[in-house]
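A.B. asks: Next comes the sequence, and after it the predicted model I'd like to discuss.
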Amino acid sequence: MPIDSRFFTHPSDRAALKALKAIPGFHQFMKAFMSVWNEKLFRIENMSSNLKVTERKAKKYHDMLIPICEKLGIDVPELYLKFDDDANAYTYGDTKPIIVVTAGLLERFDDDLVATVLAHECGHIVCHHTLYLTIGRLILGGTILTANRFNLAGLITEPLEMAFAYWMRCSEFSADRAAIICDGNAKKMTELCMRFSGYDPRYCGEIEISDYLEQANEYYEMMKDSKVNKLMEFYQYRMIDHPLNVVRAFEADKWAKSGEAGHIFAYLENGDKADLDSFMLPAPDSSKKLAGQNYEEVKEMFEDSGFTNVRTYGGFSKEPLDKLKKEGAVLAVNVNGNSTFAEDAWFPVDAIISIYYKTENANLMPAPTAPAVAAQASVQPVQQVQTAEPVETAVPVQESPAPQPAITQPVVQDVSNQPQSANAGNLYISYSTADPRVQMVTRIVSTGTKSVYVNGMTLSYMLQPGPQTIILKIGKINYRKDIMIQSYNAPVRIYASFNGKAQITVEQPPC
């Protein structure tokens with residue numbers, strides 16, 4: 001069963017691609033390039049000059065590709081062998097990528113390492129690198145004649161060259177991970193780095209991979225705390241299109257031993273989707289930096305990062321600063337109930353991403369699918385009903401009853417599609433409103449967790465047993481609710497609604 005590239009794309013690959021697209025002149029260059037370029041040029045070059053690998057020609061290399069492509073979920077690309085003494089392999093194209101392997105590589109590397117090289121090149125295909133790699137090689141390779149022929153040279157600036165080079169280096173880390181997935185470990189990938197560093201068993205004898213990794217760790221320690229060393233490294237290698245060999249080995253070994261890789265290995269071995277449901281991905285940026293950006297671009301950023309449950313809600317805001325924002329500007333981003341996350345925060349791949357943006361049309365605010373509030377009629381009889389009494393301000397943390405030690409990062413999960421009898425959490429909060437402009441903001445005092453609710457939204461929380469204080473802000477009024485969490489199997493349910501005035505119902509299980 002194939003694995004999606006979003007589960008192994010290197011974070012620096014995503015960040016570098018974002019930076020590349022932000023370079024002034026990038027989009028103008030891409031528009032001009034795509035208007036004159038045709039990937040058939042590379043097919044003509046390879047069909048006319050190189051040996052095409054098929055089931056009847058160089059069959060063993062064709063057979064190597066089949067299981068790799070099946071594991072990565074891609075069509076088998078055309079593979080060509082090129083007469084060149086340099087040990088090299090590369091991928092060109094866009095809609096129909098082509099892999100080229102040189103005779104020098106086949107001569108120097110054993111077949112098992114050739115398979116790793118092919119997996120690496122297929123990694124570029126599954127990660128959708130091939131078009132930008134093609135353009136980057138044309139730029140960095142000095143193919144200015146082609147650019148001049150089509151009047152593109154004036155669009156190629158030094159910042160654009162450097163940005164392409166940097167992204168190309170970062171993209172190699174993602175392709176290396178694809179090879180690690182196909183091999184099941186990083187040993188062959190590390191040996192490839194050794195070979196490209198000059199190791200040849202015919203002349204050097206046997207060298208342990210652990211010894212090479214020790215060198216890689218030594219380099220890492222030398223660079224990590226020295227800004228001067230980092231600056232010299234960047235200046236010296238700013239225009240190369242591949243990362244340094246020991247850096248690749250270090251990154252490959254570190255990732256192969258990580259929990260992320262473990263999830264993927266378990267999924268490929270057992271076929272259990274649960275191994276990927278718990279997969280963690282980094283947020284594309286902090287909630288503070290995302291605010292104010294166009295909501296469609298922010299939605300694309302989360303989806304490109306690999307998140308599968310991204311929702312957008314249009315609405316009004318009476319905050320003075322929000323009134324200055326443009327139509328479609330993001331007002332807030334909420335991830336699993338967390339609306340104040342940092343740029344290095346990580347969340348589950350199926351986390352609920354709620355993007356709230358400014359609009360003058362209230363009809364643009366949709367409700368989440370299958371709202372849990374519609375099922376209120378099926379719940380058990382209410383044991384305790386509290387009339388909502390407004391308070392002027394939210395209750396500060398120190399005024400709440402002293403709870404037992406709190407979970408610093410409570411588990412928050414969407415229960416919109418779960419039956420009311422489910423016990424996924426020990427606190428449920430649901431919200432419905434006849435006016436989509438009126439949102440609810442909840443704060444769990446003991447943990448500081450803030451969540452923004454729109455019509456039909458339900459979230460569950462895991463809290464420590466004991467007294468807990470919940471602040472619910474509907475419109476401009478704050479309501480305080482003190483509840484008692486008895487156990488993880490006896491959830492408290494809070495149903496809040498607004499239809500001209502707020503109504504809050506608390507279903508507290510009997511003692």
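C.D. replies: Good, I have the coordinates.

A.B. asks: Run a quick check on residue 284 versus residue 303, I expect a contact.
C.D. replies: No - using CB atoms under 8 Å as the test, residue 284 is too far from residue 303 to be in contact (9.7 Å). In short, each C-beta sits where N, CA and C put it, glycine included.

A.B. asks: Going by secondary structure, residue 325 is in what exactly?
C.D. replies: Counting by DSSP states H and E, residue 325 is held by no secondary-structure element, helix or strand.

A.B. asks: circling back to that earlier point, okay, residue 284 and residue 303: which has more neighbours?
C.D. replies: residue 284 (22 against 15; other CB atoms under 10 Å).

A.B. asks: How many residues are close by the spatially closest residue to that one that is not a sequence neighbour?
C.D. replies: Once flanking residues are discounted, residue 284 sits nearest to residue 301: 4.1 Å by CB to CB, 6 or more residues apart in numbering. By other CB under 10 Å, the residues close to residue 301 number 20.

A.B. asks: would residue 268 count as being in a helix?
C.D. replies: Yes - assignment of residue 268 by DSSP: H, G, I helix; E, B strand; the rest coil places it within a helix.

A.B. asks: what's the next secondary structure element after the longest helix anywhere in the chain?
C.D. replies: Using DSSP state H, we find that the single longest helix of the chain is helix 158-183. Using DSSP H and E, the next helix or strand after helix 158-183 towards the C-terminus is helix 187-196.

A.B. asks: Residues in contact with that next one: which ones?
C.D. replies: 87, 108-109, 112-113, 116-117, 120, 176, 179-180, 183, 199, 207, 209, 212-213, 245-246, 248-249, 252-253, 256 (CB atoms under 8 Å, 6 or more residues apart in numbering).

A.B. asks: So for residue 115, what's the pLDDT?
C.D. replies: pLDDT for residue 115: 97.

A.B. asks: didn't it look like it was pressed against residue 62?
C.D. replies: No - look at residue 115 against residue 62 with CB under 8 Å: they stay out of range, at 11.8 Å.

A.B. asks: In terms of helices and strands, where is residue 100?
C.D. replies: Taking DSSP H and E as the criterion, residue 100 maps to strand 98-102.

A.B. asks: Show me the contacts of helix 187-196 that map onto helices.
C.D. replies: 108, 112-113, 116-117, 120, 176, 179-180, 183, 209, 212-213, 245-246, 248-249, 252-253, 256.

A.B. asks: With only the CA atoms kept, save stretch 40-60 in CSV.
C.D. replies: Only the C-alpha atoms of stretch 40-60 are listed here, as CSV (Å, rounded to 0.1, in the frame of the first residue of the first chain):
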residue,chain,number,x,y,z
LYS,A,40,9.3,16.8,-24.8
LEU,A,41,12.7,18.3,-25.4
PHE,A,42,14.2,16.0,-22.7
ARG,A,43,12.4,13.0,-24.1
ILE,A,44,13.8,13.7,-27.6
GLU,A,45,17.3,14.1,-26.1
ASN,A,46,17.1,10.8,-24.2
MET,A,47,15.4,8.8,-26.8
SER,A,48,17.9,9.8,-29.4
SER,A,49,21.1,9.5,-27.4
ASN,A,50,20.7,7.2,-24.3
LEU,A,51,19.6,3.6,-23.7
LYS,A,52,16.0,3.2,-22.7
VAL,A,53,15.5,0.5,-20.0
THR,A,54,12.6,-1.8,-20.7
GLU,A,55,11.5,-5.4,-19.8
ARG,A,56,13.8,-6.6,-22.6
LYS,A,57,16.7,-4.1,-22.3
ALA,A,58,18.7,-3.9,-19.1
LYS,A,59,15.8,-5.8,-17.5
LYS,A,60,17.2,-5.9,-14.0
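
A.B. asks: Go through it and flag the buried ones.
C.D. replies: 42, 43, 46, 50, 53, 58 (16 or more other CB atoms under 10 Å).

A.B. asks: Stretch 121-134 now?
C.D. replies: Those would be 121-127, 129-134, for stretch 121-134 by 16+ other CB under 10 Å.

A.B. asks: Kindly report the same for stretch 187-206.
C.D. replies: 187, 188, 189, 190, 191, 192, 193, 194, 195, 199.

A.B. asks: Equivalent analysis for stretch 498-511, please.
C.D. replies: Result for stretch 498-511 [16+ other CB under 10 Å]: buried residues 498, 502, 504, 505, 506, 507, 508, 509.

A.B. asks: so which of those comes closest to residue 78?
C.D. replies: Closest to residue 78 out of the buried residues of stretch 498-511 is residue 498 (60.6 Å), distances taken as CB to CB.

A.B. asks: Rounded mean pLDDT for the helix or strand containing residue 459, please.
C.D. replies: Secondary structure from DSSP H and E places residue 459 in strand 457-461. Throughout strand 457-461, pLDDT has a mean value of 81.

A.B. asks: Kindly report the same for stretch 5-16.
C.D. replies: 88.

A.B. asks: how far is that stretch from where the chain is centred?
C.D. replies: 7 Å (CA atoms, centre = their mean, to the nearest Å).

A.B. asks: tell me the mean pLDDT for the one helix or strand residue 203 maps to?
C.D. replies: Assigned by DSSP H and E, residue 203 falls within helix 201-204. The pLDDT scores in helix 201-204 average 86.

A.B. asks: need the contact list for the residue lying closest to residue 306 once chain neighbours are set aside.
C.D. replies: Nearest residue to residue 306, sequence neighbours excluded (CB to CB, 6+ apart): residue 6, at 3.1 Å. By CB under 8 Å, 6+ apart, residue 6 lies in contact with 281, 305, 306, 349.

A.B. asks: Now name the helix or strand holding the residue nearest to residue 284.
C.D. replies: Under the assignment here (DSSP H and E), residue 301 is part of helix 295-305.

A.B. asks: residues in contact with that helix?
C.D. replies: 6, 14, 18, 281-285, 290, 310, 312, 314, 328-330, 333, 353, 355, 357.

A.B. asks: Repeat the analysis, applying 10 Å as the threshold.
C.D. replies: 6, 9, 11, 14, 17-18, 281-285, 290-294, 307-314, 327-331, 333, 335, 347, 349, 351, 353, 355-359 (CB atoms under 10 Å, 6 or more residues apart in numbering).
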